[in-house]
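*Asks:* attaching a predicted model along with its sequence, questions to come.
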Amino acid sequence: MMTDRGVPGSAVSKGVGPMQHLRYIMLHAVTAAVFIFLLQHYALSASLESSLVWALTFGGCAAGLAYMQANR
């Protein structure tokens, strides 16, 4: 009988998946937050406080979207 050890997506290698999902979610959130902060603060000349609030908002929304996509 052959086993599926080492084959991605098999029942044996499911322990690595959640860490990769978390890394993907965090990367997506940080990228969105940095992008919106730079856009608000430098391109649109918004205040620092406003830029940080928008960055946190967009980062949270991006994390939520990435979480939903990762759990499909």
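*Replies:* Sure, I can see it.

*Asks:* make it CA atoms for all contacts and neighbour counts henceforth
*Replies:* Noted.

*Asks:* any idea which helix or strand carries residue 53?
*Replies:* Secondary structure assignment for residue 53, by DSSP states H and E: helix 48-70.

*Asks:* please name every helix or strand in contact with the helix or strand where residue 22 lies.
*Replies:* Residue 22 belongs to helix 17-38 when elements are defined using DSSP H and E. Counting contacts by 3 or more C-alpha pairs under 8 Å, 6 or more residues apart in numbering; DSSP states H and E, helix 17-38 packs against helix 48-70.

*Asks:* helix 17-38 and the helix it packs on, what's the angle between them?
*Replies:* Interaxial angle, helix 48-70 versus helix 17-38 (axes from the mean of the first three to the mean of the last three C-alpha atoms, to 10 degrees): 150 degrees.

*Asks:* now helix 48-70: how far from the chain's centre is it?
*Replies:* Distance of helix 48-70 from its chain centroid, counting by C-alpha atoms, centre = their mean, to the nearest Å, is 9 Å.

*Asks:* off-centre distance for the helix holding residue 22?
*Replies:* 3 Å.

*Asks:* go through that helix and flag the buried ones.
*Replies:* 21, 25-30, 32-34, 36-38 (16 or more other C-alpha atoms under 10 Å).

*Asks:* same question, stretch 52-65
*Replies:* Of all the residues in stretch 52-65, those buried under the rule 16+ other C-alpha under 10 Å are 52, 54-63.

*Asks:* could I get the average pLDDT for it?
*Replies:* Computed over stretch 52-65, the mean pLDDT rounds to 97.

*Asks:* contacting residues around that stretch?
*Replies:* When contacts are defined by C-alpha atoms under 8 Å, 6 or more residues apart in numbering, stretch 52-65 is touched by residues 25-26, 28-37, 40.

*Asks:* same check on stretch 34-41?
*Replies:* Contacts for stretch 34-41 (C-alpha under 8 Å, 6+ apart): 46-48, 51-52, 54-55, 58.

*Asks:* try it again at 10 Å.
*Replies:* 29, 31, 33, 42-59 (C-alpha atoms under 10 Å, 6 or more residues apart in numbering).
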